[in-house]
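Undergrad: Okay, structure incoming, though there's no sequence with it:
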């Protein structure tokens, strides 16, 4: 695979991922608010479910493009490190695959959150109607509104339970994907240090190799301490994405500019 296609895929894929990830409702507020709290997360995704689902689709496309670039690196390494390059490809492919699964779950959650909020609003409206009927003393209307309130309440409970289950599943898959992502950073750094000077200068080989490796180790430890579904854990993950994109762009540009074929 040509260096231009490989490098361009890495740059384009990573930029698409980070831009549309931060465009997701609430994510830009991650550094000032707790956006992963269940009610806040539900409101952000439920109020904007169509937009969220569109952005998640684009993020998935970006991940596939990035993985295409990773496969390009794997092929361009050739036979210079047959043992380690398989681990590099496996961790990156697994990380991307798990993130794609988490995007699918998040898409389902956006729809579920929308239904949950609508069911809750209907239950609230039915409750107010029943209260007004009781104040008016209209027995027939009281019976009718009470029945409507009971049905709306049951629907709200069902919708809320479904949304909560998908919410839990999302963060479970996303958390595992995050850990694999950090391991893939470590494997990328190690592969660059072992083979990168074929394409990179010694200085850039050290910068990108140790950059990926150290970033992977540091962020892996931090996200083990602060889970990604907590306020500080999500902030740490957001910072790690920025570092990842910077390192990917530096690597890809130097890869493209290399005189080696």
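TA: Cool, the structure landed. Given the structure is predicted, the values throughout are model-derived calculations rather than measurements.

Undergrad: Quick one: residues in contact with stretch 54-74.
TA: 1-3, 5-17, 20-21, 23-24, 85, 88-89, 92-93, 96, 99-100, 103, 106-107, 110, 191, 248, 252, 255 (C-beta atoms under 8 Å, 6 or more residues apart in numbering). For the C-beta atoms, the positions are set from N, CA and C on the backbone; glycine is no exception.

Undergrad: Report the buried residues of it.
TA: Within stretch 54-74, the residues scored as buried using 16 or more other C-beta atoms under 10 Å are 55-56, 58-60, 62-63, 65-74.

Undergrad: mean confidence score for that stretch?
TA: Stretch 54-74 comes out with an average pLDDT of 94.

Undergrad: circling back to that earlier point, just the ones of the buried residues of stretch 54-74 in helices?
TA: The helices, defined by DSSP state H, take in 55-56, 58-60, 62-63, 65-74 from those.

Undergrad: residue contacts, residue 40?
TA: Residue 40 sits next to 26, 33, 34 when contact means C-beta under 8 Å, 6+ apart.

Undergrad: Give me the buried entries from the residues you listed.
TA: residue 26.

Undergrad: What mean pLDDT does stretch 191-200 get?
TA: Throughout stretch 191-200, pLDDT has a mean value of 78.

Undergrad: what distance separates that stretch from the centre of its chain?
TA: Stretch 191-200 sits 29 Å away from the centroid of its parent chain (C-alpha atoms, centre = their mean, to the nearest Å).

Undergrad: Quick check: end-to-end length of that stretch?
TA: 12 Å (C-alpha to C-alpha, to the nearest Å).

Undergrad: for stretch 18-27, the distance to its chain's centre please.
TA: 9 Å.

Undergrad: for stretch 15-26, same thing?
TA: Worked out by C-alpha atoms, centre = their mean, stretch 15-26 lies 9 Å from the chain centre.

Undergrad: can you pull the buried residues of it?
TA: 15, 16, 17, 18, 20, 21, 24, 25, 26.
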